[in-house]
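Undergrad: Make a model of this:
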Amino acid sequence: MRFEDTKFACIDFETTGFSPKSSRAIELAIVDVQHGEIGDSWTSLLNPGPDCDIGAEHIHGINSNWVSDAPSFSDVAGDIYARLDGSVIVAHNVSFDLGFLYAEMDRCGCLPRGLLFPNWDSRKASVYAPITPPTRKLSDVADAFGIDIANAHQALDDTYAVAEIVAAITPLWVMISYLIIYFPRRVSLSLVDFSNCALVKGITWDSFRC
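TA: The predicted structure follows:
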């Protein structure tokens, strides 16, 4: 597969806490990006169960009444897997979101043995921004790209911001990959180092390590 044909699935979880082992997912959003264009989106509240504390409502804005009628993760796990399969998962602090994805899939018995989604952390996009963001927080990185987040900490809004970041830097990634392939002796040392990451060598089932 050529890099420019890679499909990215940008995701964001809202959760009851920080630990995938003891906390639960209560909302998930997925937005596709391919060829530098934002595609389909999907989002759902998730019912963590009747005995689960909803967590920091003042941050995620989700109350227990909202999730009481929502599907459980297991109810929509098949749809989620189908949307993510074959894509590179992108999230801001991707290890957090992957932790909850794997934990929720494991709880409902739908985590294939040895499954590893290829992934990339959009915090790394800060080095490609037109201006240097003061921090690598999503709001700061998005602002550096001229992207406005209407409702921060709402899963779909945050995910669209990540998708817009991916769409914005895709042309640069493609250009760098072609420079390395066709002009390997003319690129700078920094680009040679960049070529050693999976991002421009092709998609593998390991995390990108740029």
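
Undergrad: Show me which residues of stretch 143-160 are buried.
TA: Along stretch 143-160, these residues count as buried under the neighbour rule (16 or more other Cβ atoms under 10 Å): 143-145, 147, 149, 153-160. The C-beta positions use only the backbone N, C-alpha and C, and glycine is treated the same way.

Undergrad: Quick one: end-to-end length of that stretch, please.
TA: Distance between the two ends of stretch 143-160: 13 Å, counting by Cα to Cα, to the nearest Å.

Undergrad: how near is residue 87 to residue 115?
TA: Counting by Cβ to Cβ, to the nearest Å, the gap from residue 87 to residue 115 is 13 Å.

Undergrad: can you check residue 122 too?
TA: According to Cβ to Cβ, residue 122 and residue 115 sit 22 Å apart.

Undergrad: higher neighbour count, these two?
TA: Between residue 122 and residue 115, residue 122 has the larger neighbour count (other Cβ atoms under 10 Å), namely 23 against 14.

Undergrad: mind listing what that one touches?
TA: 10, 90-92, 94, 138, 141, 162, 165-166 (Cβ atoms under 8 Å, 6 or more residues apart in numbering).

Undergrad: Count residues in the vicinity of the closest residue to residue 64 other than its chain neighbours, would you?
TA: Leaving out its chain neighbours, the residue that sits closest to residue 64 by Cβ to Cβ, 6 or more residues apart in numbering is residue 54, at 4.8 Å. Residue 54 sits with 17 neighbouring residues when counted by other Cβ under 10 Å.

Undergrad: Same check on residue 55?
TA: Around residue 55 there are 19 residues (other Cβ under 10 Å).

Undergrad: wait, isn't it in contact with residue 22?
TA: No - checked against Cβ atoms under 8 Å, the pair residue 55 and residue 22 is beyond contact range at 11.0 Å.
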